[in-house]
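A.B. asks: Structure of the sequence below:
(one chain, ligands or ions: 2)
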Amino acid sequence: MISIKNLVKTYKTKHTETLVLRGVDLEVKEGEFLGIMGKSGAGKSTLMYQIGLLDHPTSGEIILNGKQTEQLTQNDRTLMRLSELGYVFQDYALIPELTAKENTMIPLLMQGLSREEAGDISTRMLAKVGLANRENNLPSQLSGGEQQRVSIARAIAHNPKILFADEPTANLDSVSGKAIIELFETLHADGQTIVMVTHEEEYAKYCDRVVYLEDGKITREFKPK
Ligand SMILES: Nc1ncnc2c1ncn2[C@@H]1O[C@H](COP(=O)(O)OP(=O)(O)O)[C@@H](O)[C@H]1O
Ligand SMILES: [Mg+2]
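C.D. replies: Numbering: from 1, shown residues only. Ligands and ions are numbered 1, 2, ... in the order given. You can find the predicted model right below:
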């Protein structure tokens, strides 16, 4: 599902160059639940952004779902993000003025679905994440854990090939955090391929495999189960 070869990422600003990824190699199988761990600043988010086509690597190869991504046009990349990839972020990234249902509908509308179709799917997805009776709430009317559930409903509404999550539990208390991880576990049991960055050992246990990013490379891995 994912094949990465010799991925290098350098952030360049006017006077400085920061070499963050120094040649990452990684393979992720279809249906795998992969964890990425490493110290703060190790480059975990950077790696996820490159794999998720949210940024351009300096060099190296990223193959997603059989597609070599380096040759894709901006337009193809956008289409791939909208139709094949889903994202969950630490801060939920919901639009504050829109209800839970409207937030969930957005990527579907961007894909060209009618309001009716997008609305029906969103209702189903919110029920799936346990928010059936919260559709019309604004993010400010939901707890952190509930907001993260909305963001997961939004991320999976179009049935993405790969679900990316960058420290999805970092802002949550342990009870809500565990509930979010259990939701990922359910999605994984249904066959969802998941790539999750986490710094919590406790949550890494739910992954099929965990890789460690150190000094810009994957230095080791282990299988918790
Ligand atoms: N847009 C950026 N421009 C310059 N440097 C960045 C940028 N994003 C991240 N960095 C730097 O890259 C390194 C890795 O960051 P990040 O991928 O966010 O680490 P992690 O997610 O593991 O905490 C850090 O030193 C950070 O300061
Ligand atoms: Mg990060």
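
A.B. asks: tell me which parts of the protein are close to ligand 1?
C.D. replies: Counting by Cβ under 6 Å from any ligand atom, the positions of the chain adjacent to ligand 1 are 11, 18, 20, 38, 40, 41, 42, 43, 44, 45, 46. (Glycine included, C-beta is placed from N, CA and C.)

A.B. asks: Go ahead and confirm the fifth one touches residue 213.
C.D. replies: No: because the distance of 11.2 Å does not satisfy Cβ atoms under 8 Å, residue 40 is recorded as not touching residue 213.

A.B. asks: Settle it for me: which of these two has more neighbours?
C.D. replies: Neighbours per residue, other Cβ atoms under 10 Å: of residue 40 and residue 213, the larger number sits with residue 213, 23 against 7.

A.B. asks: Now that one. Nearest residue, chain neighbours left out?
C.D. replies: residue 38 (3.7 Å; Cβ to Cβ, 6 or more residues apart in numbering).

A.B. asks: Count the neighbours of the one you found for me.
C.D. replies: 20.

A.B. asks: Likewise for residue 212?
C.D. replies: Under the criterion other Cβ under 10 Å, the count of neighbours that residue 212 has is 17.

A.B. asks: distance between the one helix or strand in the chain whose mean pLDDT sits lowest and the chain's centre?
C.D. replies: Ranking every helix and strand in the chain by mean pLDDT, DSSP states H and E puts helix 201-204 at the bottom, with a mean of 90. How far helix 201-204 lies from its chain's middle: 17 Å, per Cα atoms, centre = their mean, to the nearest Å.

A.B. asks: so where's the longest helix in this structure?
C.D. replies: helix 174-189 (DSSP state H).

A.B. asks: any idea which residue sits dead centre in the protein?
C.D. replies: residue 164 (1.8 Å; Cα atoms, centre = their mean).

A.B. asks: Show me what the one helix or strand that residue maps to is packed up against.
C.D. replies: Using DSSP states H and E, residue 164 sits within strand 162-166. Judged by 3 or more Cβ pairs under 8 Å, 6 or more residues apart in numbering; DSSP states H and E, the packing partners of strand 162-166 are helix 44-51, strand 85-89, helix 144-156, helix 174-189, strand 193-197.

A.B. asks: Select, out of the ones you listed, the one closest to residue 137.
C.D. replies: helix 144-156 (7.9 Å; Cβ to Cβ).

A.B. asks: now that closest one against strand 162-166, angle please.
C.D. replies: Taking axes from the mean of the first three to the mean of the last three Cα atoms, to 10 degrees, one finds helix 144-156 and strand 162-166 inclined to each other by 150 degrees.

A.B. asks: now the angle from helix 144-156 to helix 174-189?
C.D. replies: 20 degrees.

A.B. asks: Now find how far off-centre helix 144-156 is within its chain.
C.D. replies: 12 Å.
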